[in-house]
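Student: Everything below, folded, please.
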Amino acid sequence: MGFFAKLLESYHEAVNRMFSNYGAYVAHRPFIPLLIGIIILGSFCIGLVNVEKETDLELLWVEQNSRIIPEKKYFDEHFGGIPRKESVTINAKSSLDDALPDYGHAMDALTKAIKPLYNLTQVVQVDGGTFELNQGDYCERPTVPSTLRKGPAQRDNYLAWGYRNVSACVLDLLVFFPDFNRSLYGLPADWGFDSFPCFKLSPMDCFKEGRDVDYPQELQQLEQLVVFNNTAAPLGLVVYFAESQIQDYHCVNNLQATLEKSGSYTGEETEQIVLDVKVAVAAFATWGYNWRQSYKEMTSQEILSFFNGAINIAKNAGTNILDPPVVHCILEQQPCCLSWFGSHTPISAAFGSVEHDTSGNISKIGALRWGANNFHHKHPLWSELLAQKLNQSLEPSARKELVVQFENLMIQQLTPFRDSKAQTDFAPGKQFGDLQVQFTMWRSAEDVLIDANETPIWQMILSAALVSLYSFLAFVNFKKPVHSHTTLVLTGLTVVALAVVSGYGLTAAVGIKLSPLAGSVVPFLTLGLGIDDVFVLVTILRNFLKDKSIQSLSDSLIPEHEMSLTTALAGPSVVLTTFSVLASFFISSISPMPIVRWFCWQMGITATIHTLGMLLIFVPLMALDARRVKSQINDPYLWIFFGWQGEKTLQVQGKNIDGSDPSMQDSAASTPISRSVAKYYAPLFESNLFKVFVVILFAGLLGSMTYLGFWKVEHGLKLSEVTLKGSYQHDFAVTTEDRFPSYDIWLVTRDNIDYPNSQEQLGKLFDAAQQNLSHWTPAQPKIWELSWLGNLYLSMNQSLNLSYPLPSKDFYNLTKAWSSSLLGRFSLQDLSCYNTSTGQHTSCLAQQNLPDWALKATKTVLFAENLGAETKPNLDIIRETRRFADNFNEEYFNGTNAVYAYGYPFLFYEQYLHSSHDLYMVVGFALVGVFLAVLIFQFSLSTSLIIALVLLMVDIEVYGFLYIIGAKLNSLSLVNLGIVVGMASEFTYLARSFLVVDGTRNYRVGKALEWTFEPLLHGFGTQVAATLPLLFLKYHAFRLYYFAMFTIMGVLGFLNGFVLLPVLLSWLGPPPLPHATATAAAERELAMAPSTKSKQYAGNIENGKDDSDEDSSAVKSLTHSQHFNGGVVSPS
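Tutor: The predicted model follows:
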């Protein structure tokens, strides 16, 4: 025998000796490991006090270790995060894709739905103080500068009383027109503003009715219609044209003279007041709705034509920021869709289920949408504004709680509309009974995760009941209740449950958060996986307890031989299977998705604890149950039928022990299933024709599944696929995913830009983005138009007549003045500022005397079209915007990451850029892990390769079945494809049994099937029973990706393991392990020994003599071989 063969034999003998000795030890002292196991698993449960659930979508579903993570971190640090979006849609009840019957009627319905949202009041108590918050306190909107505050004339609100003065002056000049009645017009004496309207998107903003939602009275007073010289025009517009076009700021100059004469203001202060009033005169002229058409005076077709006209005019609009579009809309009476402050809105994003004619014009609109952004609760500006409102700063968690509570008020307000309640105008037969309201809030997706994180108690009870029933039926023996093992197997189920609970505790103790999968999937999956080992161990022990040859070795009630043989045969396989499962889970945890990674960590931890529970708790319980059997005590669960004392049987000790004994190499099956396998199934593998047929059949299955998996399975996961059918979240997702294909994304500039000296580069950035990303950028608004830089230049031009770019040496002085001015307030949410001396964040509401103020980061919105929820267009925009940003950085910023694009598609679709790569990596590493585990415990290279090959085939087949069941490749299915490798490795029991039998390959395959088919069939049955309740989970995604996929895994794993694998082993299987052939030879030697010894031994038994000393050599020889054969002794 060569050195390697001797080393291999020594290795296997050592492994078998270790498990055999443990079995013998437990047989004698079961309570010591039992107590240790209970203490260890019980101590893990203490970690349950630290359980922390995670429901933040951005933490669970954003790919880690990718480009998006540092970009997200930078964005969150400076802007809190993506704004909390809210949206309401209106569509025809008849069908989502039908055209709205009347667009004016639909806009009335949308107004009816959203207007109450702006009237909601939230009462908040903070440190004993009571405050009222409303939508205006949460939404992104320009803040009112103190200079424009309502009230009597004071030093601080000079812009309010200054404009009142100028407007009164202009109106006084109009008295020269005979038809002008001065007493009818003018601003109140305390005119000013407490707040401005929120930024929002709605189709109503194209029309005069846009003011019907949240337009404050002060703005309506600003656009009161002034009638003079047979003309009617809004007051703000009259003031602007009178001052800038006719009088050369006559009234403003009068105001300046009055201020100088009063002596109350310095020359610098007077100059600032005059400059600010001039800016306000120009700005107020563009605000408001009164100059717009009313859709109530238009037919539905005229409204559609108006929309098309507005979009077409916007396509040809210039990008000169000093030429505001509202001027052309007013003077030329063009159809325009503008915000309340006069900038273009991305009106196309408000239209759903759109169809176009051959000329490119919209021919049908099936749904309308209102959308708004609330501040992210971590946005520095909102934190500052809220602190001013509440007179104190709140922690981020407290701010989030306020936001979530307010969003809940909005949900409560909208739900009756969505449900068409009788008391609403959306009820059948009412004004809007033909229209359907759908809505969502930013918390809506998080609510889904919170609900999914709830443990489904009744499904868990059902799962445990089904597994218990199956286990009871599998191991009950009414004919011989002594050999019934229902109490043991059901106690094993309790051990598995304890391991699951301990797994939760240890997972929490090491700081791993519980994802929604932890409550909805983990209990069922771990129960199904864990009970397999119980079945294998109990089946083998049961057969050894019934094996008369084993019983003949000793009349002791201590089951030393039975436990030694059971642990020697099953122990390595149990540990091997555990290592395979661990390899698949821990390797799958390299998935960059936190929801998947945490799930795999929890499953890996639970599998480890389960193995400890099996070895330290369940194996001792097996020893106690074996003592029961040897003591002829009935199964406790059957005492009610048969009593506790079983029938006494004659202890036969002297039966001829030879190689033909049922407990030896060529033993025959005894259980009905094993006999059926031996009689009908195993002989099939003697036929090469059958084996060729099997190979052809599985080759065809593999080929077809390969095609479906790699060419037909889609990548992605839509919100509608993970939300509960019938819920408002699901219905909104179905309504919008493919019918409103628009998202906002942002061009972000970082702190490695020298802003004063990079103005031209930033201007080129916006122009280049508009041109190079034209497939996604809408006709309106242009990127320049809503950029902070465009706003800055417009303000500086109007107030100081400065042109672009601003002098670099004065850039920050001018920017500071602008940031606290009227126009600057419209861009504050897009800025992040810091103190250059300390490096710390500071308010962007800069004070003039703050010397070290500078920009840290900026963002500029880009409204992206042509996206939707499909994966490909979202991946396209990620690739194109990144290519654009990288090229721009290379050309203008020395290749640094000075500019990048960020938004919803980047967060949630980044993972699909390399989902195929992740799949190959996860499955590949899992296969390597299982290969190494098999190699370590079997020490057979060919066996390891065969098992790895079959596992790969199972994985590919499951991948192909994704297409058949309607699943996609995403993080949920990807980790399942990694788990397949571990779950399907249960058939390594078959491979080990094949290795420990001597004889021809066909014979060894038959014996291996005979020994392992029944316990693994029961294991598969309990897996189905354990996971069957997943079919009743509320969420379709969990049913699809866990019940359906797990069932397919089990079926394909079982078929490949017990149909294809035996064929491969019968052709390519390795020779038996060295100790198996040695044992078989020893048994043959025993069989050829003189029969007188056996006859004498039998006679001594008949005479009541033990005579063990005389036959000690034979018994010891047999016992030694059985201690090391690791499975030569068969279950009978």
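Student: The longest strand belonging to the chain pairs with which strands, parallel or anti?
Tutor: Longest strand of the chain, by residue count under DSSP state E: strand 853-864. Partners of strand 853-864 in the sheet, by DSSP bridges, are strand 743-749 (antiparallel), strand 831-835 (antiparallel).
Student: Could I get the ones you listed in CSV, plus columns for mean neighbour count?
Tutor: Any C-beta I mention is one placed from the backbone N, CA and C, and that applies to glycine too. CSV is the format used below for these (neighbours: other C-beta atoms under 10 Å):
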stretch, mean neighbour count
strand 743-749, 22
strand 831-835, 21
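Student: between these, which one is nearest to Leu1028?
Tutor: strand 743-749 (39.6 Å; C-beta to C-beta).
Student: Just the helices from the stretch 1-150 of the chain, written as ranges.
Tutor: 3-28, 31-45, 57-60, 68-79, 103-114, 135-138 (DSSP state H, counting those that start in this stretch).
Student: which strands and helices sit next to the first one?
Tutor: Contact partners of helix 3-28 among helices and strands, from 3 or more C-beta pairs under 8 Å, 6 or more residues apart in numbering; DSSP states H and E: helix 560-588, helix 619-630, helix 1074-1087, helix 1112-1124.
Student: For those, which has the smallest mean pLDDT value?
Tutor: When the helices and strands packed on helix 3-28 are ranked by mean pLDDT, helix 1112-1124 comes last with a mean of 36.
Student: where in the protein is pLDDT low?
Tutor: 1-2, 5, 318-324, 455, 646, 648-670, 846-849, 938, 983-986, 1074-1132 (pLDDT under 70).
Student: Where do the domain boundaries of it fall?
Tutor: Per the record, the chain has its domains at 11-54+453-712+914-1082, 145-194+224-286, 743-864+870-909, 1083-1124, by automatic domain parsing.
Student: now the longest strand of the chain, how far from the centre of its chain.
Tutor: Distance, stretch centre to chain centre, for strand 853-864: 28 Å (C-alpha atoms, centre = their mean, to the nearest Å).
Student: What of stretch 420-431?
Tutor: 37 Å.
Student: Which residues does it contact?
Tutor: Asp108, Ala109, Lys112, Ala113, Pro416, Phe417, Arg418, Phe432, Gly433, Leu435, Gln436, Val437 (C-beta atoms under 8 Å, 6 or more residues apart in numbering).
Student: Now with 6 Å, please.
Tutor: With contacts defined as C-beta atoms under 6 Å, 6 or more residues apart in numbering, stretch 420-431 is touched by Lys112, Pro416, Phe417, Phe432, Gly433, Val437.
Student: What of stretch 510-521?
Tutor: Defining contact as C-beta under 6 Å, 6+ apart, one finds that stretch 510-521 is touched by 52-54, 60, 449, 452-455, 595, 598-599, 601-602, 1033, 1038, 1042.
Student: For the stretch 501-650 of the chain, which segments are assigned as strands?
Tutor: Applying DSSP state E, counting those that start in this stretch to the stretch 501-650 of the chain gives no strands.
Student: Helix or strand for Ala232, just tell me which one.
Tutor: Under the criterion of DSSP states H and E, Ala232 resides in strand 231-234.
Student: In CSV: the strands paired with strand 853-864, plus distance to Phe732.
Tutor: Below are those laid out as CSV (distance: least, C-beta to C-beta, whole Å):
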stretch, distance to Phe732
strand 743-749, 15
strand 831-835, 32
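Student: Deepest-packed of the domains of the chain, please.
Tutor: Among the domains of the chain, domain 11-54+453-712+914-1082 has the highest mean neighbour count (mean count of other C-beta atoms under 10 Å), at a mean of 21.
Student: next one: that domain to chain centre, how far?
Tutor: 30 Å.
Student: And the strands in the stretch 251-400 of the chain?
Tutor: Secondary structure of the stretch 251-400 of the chain, counting by DSSP E, counting those that start in this stretch: strands at 351-352, 355-356, 362-364, 367-374.
Student: Can you tell me which of the contacts of stretch 420-431 is nearest Asn119?
Tutor: Lys112 (12.5 Å).
Student: Give me the distance between that closest one and Gln217.
Tutor: Distance of Lys112 to Gln217, given as C-beta to C-beta, to the nearest Å: 21 Å.
Student: out of those two, which sits in the more crowded spot?
Tutor: Comparing Lys112 with Gln217 by other C-beta atoms under 10 Å, the one with more neighbours is Lys112, at 19 against 10.
Student: Apart from its neighbours in sequence, what residue is nearest the more buried one?
Tutor: Excluding the flanking residues, the one nearest Lys112 by C-beta to C-beta, 6 or more residues apart in numbering is Asp425, at 6.0 Å.
Student: what are the phi and psi angles of the one you found?
Tutor: Here is the backbone geometry of Asp425 (degrees, to the nearest 10): phi -80, psi 0.
Student: What distance do you get for it to Phe417?
Tutor: Taking C-beta to C-beta as the measure, Asp425 falls 8 Å from Phe417.
Student: Would you reformat the strands of the stretch 251-400 of the chain as CSV and include mean neighbour count?
Tutor: Listed next are the strands of the stretch 251-400 of the chain as CSV, based on neighbours: other C-beta under 10 Å:
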stretch, mean neighbour count
strand 351-352, 22
strand 355-356, 11
strand 362-364, 15
strand 367-374, 24
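Student: Out of those strands, which gets nearest to Met204?
Tutor: Going by C-beta to C-beta, the one of the strands of the stretch 251-400 of the chain nearest Met204 is strand 367-374, 8.1 Å.
Student: That's all I had, so thanks and see you.
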